[in-house]
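Engineer: Predicted model and sequence follow; I will ask about them next.
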Amino acid sequence: MTFDPRLPLRGQKALVTGASSGIGAAIASAFGAAGAAVGVNYRSHPEEAGRIVEAIRGAGGEAMALKADVSREDEVRTMFDAFGDAFGRLDVLVANSGVQRDAAFAEMTLDQWRRVIDVNLTGQFLCAREAVRRFLAQAPDPSVSRATGKIICMSSVHEVIPWAGHVNYAASKGGVMLMMKSLAQEVAQAGIRVNGIAPGAIRTPINREAWETPEAERKLLELIPYARVGEPEDIARAAVWLASDASDYVVGTTLFVDGGMTLYPGFRENG
């Protein structure tokens, strides 16, 4: 195929989980603009998913909304079946769905622990497993992509940075990192590329308290050498690149999109 930088995902069929708001919504929109047909997964906000779908269609793209709780095996399978019925094949999965249930460790309930692990880690396992099964069952289409399929696992800087008060979340993201790398090692020989994105502080509803007041944002910026809070579009542009043939030789890598947060800026003056 001839790579078109204006439409780097032209002809591809992409499923994005947790795509009704925040980072997922930005990725779904960017994929649509890059030429992909997009499945917009949501769990509990159909009206928001519908707005993303209509925006993609209004710009001349293809999209559909898909309801599923990614922590439920039956719902994941049904979602992939519906996507396949609509678009015929799967080229890209972005496993983005995630939740937080924060608590001090001594007060953290088993339900808080399980819900975060179930969505953030088990949900990515279920979706990635289903994607791999679909990739292996369908004929590669070199007119669309050099890879048999692509999976992007949404992680976090907290796959490497410990986070007191958020032990369940950090544990889930550390698990995502090694799941991604181990899966990439296993399926690369089949032409399947698996990579991760680790966002830093991004201006989304899930972390609104960290940036919505000037004082909160000032405190947050102390952790970001690049001196600005990230936007969902920063992650979306990285996802488009990882899903495209421009990154065809990138396998098993976590791309940190964090303004330098993982550079441990506290050491600038205290080394």
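Structural biologist: All right, it came through fine.
Engineer: mind listing the helices for this protein?
Structural biologist: Ranges of helices in the chain, per DSSP state H, are 22-33, 46-58, 73-87, 110-117, 123-137, 167-187, 214-221, 232-243.
Engineer: would JSON lines of those with distance to Ser97 and mean pLDDT be doable?
Structural biologist: For every residue, glycine as well, the C-beta is placed using N, CA and C. Output for the helices of the chain, formatted as JSON lines (distance: least, Cβ to Cβ, whole Å; pLDDT from 0 to 100):
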{"stretch": "helix 22-33", "distance to Ser97": "7", "mean pLDDT": "98"}
{"stretch": "helix 46-58", "distance to Ser97": "12", "mean pLDDT": "98"}
{"stretch": "helix 73-87", "distance to Ser97": "10", "mean pLDDT": "98"}
{"stretch": "helix 110-117", "distance to Ser97": "11", "mean pLDDT": "98"}
{"stretch": "helix 123-137", "distance to Ser97": "5", "mean pLDDT": "98"}
{"stretch": "helix 167-187", "distance to Ser97": "11", "mean pLDDT": "98"}
{"stretch": "helix 214-221", "distance to Ser97": "24", "mean pLDDT": "91"}
{"stretch": "helix 232-243", "distance to Ser97": "14", "mean pLDDT": "98"}
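Engineer: so which of the ones you listed gets nearest Gly260?
Structural biologist: helix 214-221 (11.3 Å; Cβ to Cβ).
Engineer: Quick one: residues in contact with the closest one.
Structural biologist: 201, 209-211, 227-229 (Cβ atoms under 8 Å, 6 or more residues apart in numbering).
Engineer: Now, of those, which are buried?
Structural biologist: Buried by 16 or more other Cβ atoms under 10 Å: 201, 210-211, 229, out of these.
Engineer: First-to-last residue distance for stretch 203-220?
Structural biologist: Taking Cα to Cα, to the nearest Å, stretch 203-220 runs 11 Å from one end to the other.
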